[in-house]
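In: I would like the atomic coordinates for the input below:
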Amino acid sequence: MQAPSVGGVMLPRGNGEAIRLSRGASLTDFAEKINANPASLVAVMMNLGEMVTATQSVSDETLELLGSEMNYTVQIVSPEEEDRELLESFDIEFGEDEGGEEALASRPPVVTVMGHVDHGKTRLLDAIRKTNVIAGEAGGITQHIGAYQVTTEVNEEDRKITFIDTPGHEAFTAMRARGAKSTDIAILVVAANDGVMPQTIEALNHAKAAEVPIVVAVNKIDVEGADPTKVRGQLTEYGLVAEEYGGDTMFVDISAKQGLNIDSLLEAVVLTADASLDLRANPVQDAQGIAIESHLDRGRGAVATVLVQRGTLRVGDTMVVGDAYGRVRAMLDDKGNNVEEAGPSTPVLVLGLTNVPGAGDNFLVVDEDRTARQIAEKRAARERNANFAKRTRRVSLEDLDKVLKAGQIQELNLIIKGDASGSVEALESSLLQLDVGEEVDIRVLHRGVGAVTESDIDLAMGSDAIVIGFNVRAAGRAAQMAEREGVDVRYYSVIYQAIEEIEAALKGMLKPEYEEVELGTAEIREVFRSSKLGNIAGVLIRSGEVRRNTKARLIRDGKVVAENLTIEGLRRFKDDVTEIREGFEGGINLGNFNDIKVDDVIATYEMREKPRG
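Out: So this is what the prediction gives:
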């Protein structure tokens, strides 16, 4: 087969061999891999109907399309693989305990509480921690991810358990899945009065996907209509068989509100961990783990809650968390006390990072500040390229003209600012999943942690964007600037309110849909001829009402013989009227249309805007 030729230049053609490219790669990156001129690949893309520059980050689909045209198999490197390769270039192994078996020591289990909304997840954590989180939560829904460690006595021995407190509603699916990945055991909370609900199944699927053992907490046993046996029966259908039925899942009947059987639940967690998991880690190597949550604190700068998974994190260590890095200035435990070090399965709040990392980003301790900075910068550049590629709307040359015509495709541009990265990410993913049809699209131009700033307003002005502040306000002169420039800044403290309002705005951007509504029918009894007005129909209104200036069609022998007519004149005896009701007689003039006969039917209608569901 001939190699493709562009402008007389022969391009190297592959034999189906694989080319590995990172997310957001450009045509220049592709050209380097196959030893070709980037300009010639730009020409190939034009032939394929896509306008792409040589250095522009392009989507995975575009790279694969180009690969198939050139007879190469394009493999997009996953973010995890990219990160592993990046760390390997610095001789760092992430995710491995150093040393042999003798270097490992037992660690507490890490637990995530999952379940349907309103089944009592936050109240259960309250009961476990003996503190009140709900009081500080808008709408009684957990808005942030936190992590807490508790101690329980099992077989006369004090055992620690670490809880990851993830927000609990379907909007937080992404974070909950992420939480499960850093989790050893999942507690599935099911209300005894409600039984298994859609989000119970969704949470169960997350836990199964993460391959973690499940302990079921049957909550609200003190409520009227509670039936713990029914819950056991329902969950059997999903592969969770209670121990008393011969299975291997521990079910504990509790009341989070009354504080009943909480100790039994904690004991069940420890026993499940001992029976099915080998929870050990090396406590003496450089610390590694995961960021559970992060936010911008006015007094302390960027702070992140991290869960140490192996090694020991100490004050003074240089760490890199996602695309943030810094030296640990101070560490606080979940009670707000300063600590000097944190071992495996210990959650701590870390101060001293350059910026706010994302929830779910991994962290590691490195020897030098310079290494940390290089890793963070490379991660940031990689993420930037991937985001640029995601933002690019693919438009082929054939439909470019259509798209540019006003109203063909509309975009709602958004800038999202929040108080914590987990919430911002959850809000963004929920908004991007909104689907109200193909005509309207959502585009998140920027998301970040912290107050709404003047640069956010600048960006919004240049792109007609709406700014969403989630638990944050506009800082300094940003509020006056937004008001002066007419930038729409909306503030929310509950995530679902934001989703509902944006969905309503999207529906408002859709072109209105109209439906035809029949108003009335008139049967022609006589035809009068007028030298001034043409033919006038003497009619009897058979149904509804006939109004002046409405649309009409003429029906003869059951068939439509004329469409798109207008009731131009309407008379009752000698008076001009605006409408004639059913059962009354009158005269109708259809303007220039004169082909009317006795027994014809004039059907009138109007087009009404259809409300969108």
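
In: low-scoring stretches of the stretch 1-150 of the chain, by residue?
Out: Applying pLDDT under 70 to the stretch 1-150 of the chain picks out residues 1-11, 130-145.

In: hmm, 90 instead?
Out: Within the stretch 1-150 of the chain, the stretches with pLDDT under 90 are 1-26, 31, 33-40, 42-71, 73-104, 112-150.

In: where do the strands sit along it?
Out: Secondary structure of the stretch 1-150 of the chain (DSSP state E, counting those that start in this stretch): strands at 5-6, 9-10, 18-22, 73-77, 105-106, 110-115, 146-154.

In: of the ones you listed, which is nearest residue 223?
Out: Nearest to residue 223 among the strands of the stretch 1-150 of the chain is strand 110-115 (15.3 Å), distances taken as C-beta to C-beta. No exception for glycine: its C-beta is placed from N, CA and C like everyone else's.

In: including distance to residue 332 and mean neighbour count, could the strands of the stretch 1-150 of the chain go into CSV?
Out: Output for those, formatted as CSV (distance: least, C-beta to C-beta, whole Å; neighbours: other C-beta atoms under 10 Å):
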stretch, distance to residue 332, mean neighbour count
strand 5-6, 61, 13
strand 9-10, 62, 12
strand 18-22, 37, 16
strand 73-77, 37, 17
strand 105-106, 24, 14
strand 110-115, 19, 26
strand 146-154, 12, 18
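
In: what's the closest of those to residue 208?
Out: Proximity to residue 208, assessed across these by C-beta to C-beta, is greatest for strand 110-115 (11.2 Å).

In: surely residue 342 touches residue 310?
Out: No: under the criterion of C-beta atoms under 8 Å, residue 342 is not in contact with residue 310, lying 11.6 Å apart.

In: which neighbours do these two share?
Out: residue 287 (C-beta atoms under 8 Å, 6 or more residues apart in numbering).

In: and the longest strand for this protein?
Out: strand 513-530 (DSSP state E).

In: which parts of the helix or strand just after that one are buried?
Out: Counting by DSSP states H and E, the next helix or strand C-terminal to strand 513-530 is strand 534-547. For strand 534-547, burial by neighbour count (16 or more other C-beta atoms under 10 Å) applies to 534-539, 541, 544-547.

In: pull the most distant pair out of those residues.
Out: 534 and 544 (25.1 Å).

In: please enumerate the strands of the stretch 151-300 of the chain.
Out: Taking DSSP E, counting those that start in this stretch to define them, one finds strands in the stretch 151-300 of the chain at 157-165, 185-191, 214-219, 251-253, 280-281, 288-297.

In: what mean pLDDT does the third one have?
Out: So that's strand 214-219. For strand 214-219, mean pLDDT rounds to 94.

In: strands paired with it, and their directions?
Out: Looking at strand 214-219 with DSSP bridges, its partner strands are strand 185-191 (parallel), strand 251-253 (parallel).

In: would you mind finding the most buried of those?
Out: Sort the strands paired with strand 214-219 by mean neighbour count, taking mean count of other C-beta atoms under 10 Å, and strand 185-191 sits at the top with a mean of 26.

In: now do that one: everything it contacts.
Out: 109-116, 118-121, 124, 180, 196, 200, 203-204, 206-207, 210, 212-220, 223, 231, 235, 240, 265, 269, 272-273, 277.

In: thanks a lot, catch you later.
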